[in-house]
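Enquirer: Structure for the following, please:
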Amino acid sequence: MLGWLTIGGLVLVMGILADDWLASRYRRPLSHMRPRPQDLRKLGMEETDLKGLHRTLSRLKR
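Expert: So this is what the prediction gives:
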């Protein structure tokens, strides 16, 4: 019985320490996840590039 209480107490303390560590670590803003223009073709995200779409349409109209 005492062994289970010891293991439970250790798990509880480790959980508290892990929660404190996760709460205090540095997080990068989500803006770093936006694709760069040179990566759009690599990622298959051409359809989300509105500037490129407008550029292509203006070229086709000429």
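Enquirer: Can you find the helix or strand in the protein with the smallest mean pLDDT?
Expert: The helix or strand of the chain with the poorest confidence is helix 40-43; it has a mean of 58 (mean pLDDT, DSSP states H and E).
Enquirer: all strands of this protein, in order?
Expert: With strands called from DSSP state E, the chain shows none.
Enquirer: In it, where is pLDDT below threshold?
Expert: For the chain, applying pLDDT under 70 flags the ranges 28-33, 35-48.
Enquirer: Longest helix of it, counting residues only.
Expert: Counting residues, the longest helix found in the chain (DSSP state H) is helix 2-24.
Enquirer: contacting residues for residue 9?
Expert: Neighbouring residues of residue 9 by CB atoms under 8 Å, 6 or more residues apart in numbering: there are none. All C-beta spots, glycine's among them, are computed from the backbone N, C-alpha and C.
Enquirer: Make 141 the starting number, not 1.
Expert: Sounds good: first residue 141 from here, last item residue 149.
Enquirer: how near is it to residue 142?
Expert: Distance, residue 149 to residue 142, by CB to CB, to the nearest Å: 10 Å.
Enquirer: repeat for residue 156
Expert: Per CB to CB, residue 156 is found 21 Å from residue 142.
Enquirer: Please say which of these two ends up with more neighbours.
Expert: Applying other CB atoms under 10 Å to residue 156 and residue 142 shows that residue 156 carries more neighbours, namely 10 against 6.
Enquirer: ok, now which ones touch that one?
Expert: Per CB under 8 Å, 6+ apart, neighbours of residue 156: none.
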